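Chemist: I would like the atomic coordinates for the input below:
(chains A and B)
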Amino acid sequence: DAKTTQPTSMDCAEGRAANLPCNHSTISGNEYVYWYRQIHSQGPQYIIHGLKNNETNEMASLIITEDRKSSTLILPHATLRDTAVYYCIVRVPHSGSARQLTFGSGTQLTVLP
Amino acid sequence: KAGVTQTPRYLIKTRGQQVTLSCSPISGHRSVSWYQQTPGQGLQFLFEYFSETQRNKGNFPGRFSGRQFSNSRSEMNVSTLELGDSALYLCASSLGGTGSMNTEAFFGQGTRLTVV
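Modeler: Numbers count the residues shown, from 1 in each chain, chains lettered A, B, ... in the order given. Okay, the predicted model is just below:
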């Protein structure tokens, strides 16, 4: 799986958009970008994933640059409950090693009132 | 539908003992993975089971083992516990299968193991 680089921490005001960047300059053509988050002492929660097109679901939007070397997770209206560690992972979903997720250090997002 | 269920939620053991943790995946999911999370090492992959077979294994000693049953429920066992095994143990389930497009993993709440 390709290595990712994320800022250690970020703050965001409640109600504003939170934009979390991720660099994955060595991503290969068949690797997808996945985002998970982990609220303190809970299991990680899947947020969204994509290959090259921008994706949106009820939780967030994922913007992937045209060269696919970086991406941004956008939480459009952050709430206090969005305070968590956010992990960006790139991987091949159908590889023989299948379900192994390699978590980096992630970004600690703190939403401020 | 019900999520991933891990039992017990909390456990205290003494050094040298062994422990068994249980994970019930989401109904219909055939892949179960286990992770260890510690403050120093973060989230680390232990192993993955699919259709009762270990498909992938992380870099952990042989004291860590697991199995999966025909109903996809999984257990992991740690023998001869050490203080350093104190961690949050997380289980994740997914549909599995190399042809599946639904590859997101759903995690349980974890088992907090404390070794004293």
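
Chemist: C-alpha only now, for contacts and for neighbours.
Modeler: Fine.

Chemist: Who are the packing partners of the helix or strand of chain B with the lowest mean pLDDT?
Modeler: When each helix and strand of chain B is scored by mean pLDDT, DSSP states H and E, strand B:53-57 comes last, with a mean of 88. Counting contacts by 3 or more Cα pairs under 8 Å, 6 or more residues apart in numbering or on different chains; DSSP states H and E, strand B:53-57 is packed against strand B:42-50, strand B:64-68.

Chemist: any chance of those strands in JSON lines, with mean neighbour count too?
Modeler: Below are those laid out as JSON lines (neighbours: other Cα atoms under 10 Å in any protein chain shown):
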{"stretch": "strand B:42-50", "mean neighbour count": "23"}
{"stretch": "strand B:64-68", "mean neighbour count": "19"}
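
Chemist: Determine which of these approaches chain A most closely.
Modeler: strand B:42-50 (6.0 Å; Cα to the nearest Cα).

Chemist: low-confidence ranges in chain B?
Modeler: Across chain B, the ranges flagged by pLDDT under 70 are B:1, B:97-103.

Chemist: tell me, how many neighbours does residue A:47 end up with?
Modeler: For residue A:47, the count of nearby residues is 20 (other Cα atoms under 10 Å in any protein chain shown).

Chemist: so who does residue B:16 touch?
Modeler: Applying Cα atoms under 8 Å, 6 or more residues apart in numbering or on different chains to residue B:16 gives the contacts B:79-82.

Chemist: The residue most central in space within chain A: what secondary structure?
Modeler: The structure's chain A has its C-alpha centroid closest to residue A:35; by Cα atoms, centre = their mean the separation is 3.2 Å. On the three-state scheme (DSSP: H, G, I helix; E, B strand; the rest coil), residue A:35 is labelled strand.

Chemist: what about it, distance to residue B:72?
Modeler: For residue A:35, the distance to residue B:72 (Cα to Cα, to the nearest Å) stands at 26 Å.

Chemist: got it, and residue A:88?
Modeler: Separation of residue A:88 from residue B:72 (Cα to Cα): 28 Å.

Chemist: between these two, which one's more packed in?
Modeler: Neighbours were counted for residue A:88 and for residue B:72 using other Cα under 10 Å; residue A:88 has more, 29 against 23.

Chemist: tell me which element the more buried one falls in.
Modeler: Per DSSP states H and E: residue A:88 is located in strand A:84-91.

Chemist: any idea which helix or strand comes after that strand?
Modeler: Counting by DSSP H and E, the next helix or strand C-terminal to strand A:84-91 is strand A:107-112.

Chemist: roughly how far is that next one from the heart of the chain?
Modeler: Put simply, strand A:107-112 sits 13 Å off its chain's centre (Cα atoms, centre = their mean, to the nearest Å).

Chemist: What of stretch A:16-30?
Modeler: In terms of Cα atoms, centre = their mean, the centre of stretch A:16-30 is set 7 Å apart from its chain centre.

Chemist: now check that stretch, is it near chain B?
Modeler: No: for a cut-off given as Cα under 8 Å from any Cα of the partner chain, stretch A:16-30 has no contacts with chain B; the smallest distance is 13.1 Å.

Chemist: Could you tell me the end-to-end distance of stretch B:71-80?
Modeler: Length of stretch B:71-80, first residue to last, Cα to Cα: 28 Å.

Chemist: Whether that stretch contacts chain A - can you check?
Modeler: No: counting by Cα under 8 Å from any Cα, chain A has no neighbours in stretch B:71-80; the shortest distance is 14.8 Å.

Chemist: Identify each buried residue in that stretch, please.
Modeler: Within stretch B:71-80, the residues that count as buried by 16 or more other Cα atoms under 10 Å in any protein chain shown are B:72-76, B:78.
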